[in-house]
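Novice: can't give you the sequence, but here's the structure:
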């Protein structure tokens with residue numbers, strides 16, 4: 001009988017000491033933050049594309065123009081999208097792309113520049129926030145109009161990867177080594 005009271009007393013002490021009162025007012029996020037888990041548990045980081053990407057094109061037009069383009073991912077500049085679900089931050093870093101353009105007419109170099117978001121912002125004197133979350137996603141040479149107008153006309157498309165909202169610009173290189181950049185109104189099909 002005397003052991004019965006001793007066992008009962010030990011069970012009572014155990015129950016009253018380990019009731020978890022101090023943790024009852026904490027949220028799950030607070031409990032996880034105080035634990036010694038890595039911060040990578042709270043963040044999922046993704047880079048798109050993961051590795052360096054490069055595409056080179058060399059186009060010769062029958063009006064004497066040649067356009068060389070090196071289209072590559074910029075591993076140091078990103079457009080970031082952060083999404084928070086529960087207590088986890090999902091970060092997507094969309095790498096910016098650059099287009100190194102060299103335009104020649106009959107072997108005379110007319111234009112040699114790297115097209116980036118900041119290049120467009122500076123040339124058009126627009127607010128830098130306009131292209132803040134946009135990446136250069138595509139370019140193409142307007143061969144028909146280039147031959148017809150005897151100019152090199154290059155279309156540039158900057159898109160927001162999360163919303164698929166795009167802005168297009170037209171770069172026209174003239175024979176006198178000048179160039180013009182204009183926003184292009186997107187035509188809905």
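Specialist: Structure received. None of the values given here were measured: they were computed from a predicted structure.

Novice: where does the closest residue to residue 48 other than its chain neighbours land in three-state SS?
Specialist: Closest residue to residue 48 apart from its sequence neighbours, by CB to CB, 6 or more residues apart in numbering: residue 94 at 5.2 Å. From N, CA and C alone the C-beta is placed, and that goes for glycine too. Using DSSP: H, G, I helix; E, B strand; the rest coil, the structure places residue 94 in strand.

Novice: so what sits opposite residue 94 in the bridge?
Specialist: residue 48, residue 79 (DSSP bridges).

Novice: then the one 5 residues further on?
Specialist: In this structure, residue 99 bridges to residue 71, residue 115 when assessed by DSSP bridges.

Novice: report how many residues lie close to the residue nearest to residue 48.
Specialist: 23 (other CB atoms under 10 Å).

Novice: from residue 132, how far out is it?
Specialist: 12 Å (CB to CB, to the nearest Å).

Novice: please enumerate the shared neighbours of those two.
Specialist: Shared contacts of residue 94 and residue 132, defined by CB atoms under 8 Å, 6 or more residues apart in numbering, are found at residue 79.

Novice: buried ones in stretch 136-149?
Specialist: 136, 137, 139, 141, 142, 143, 146 (16 or more other CB atoms under 10 Å).
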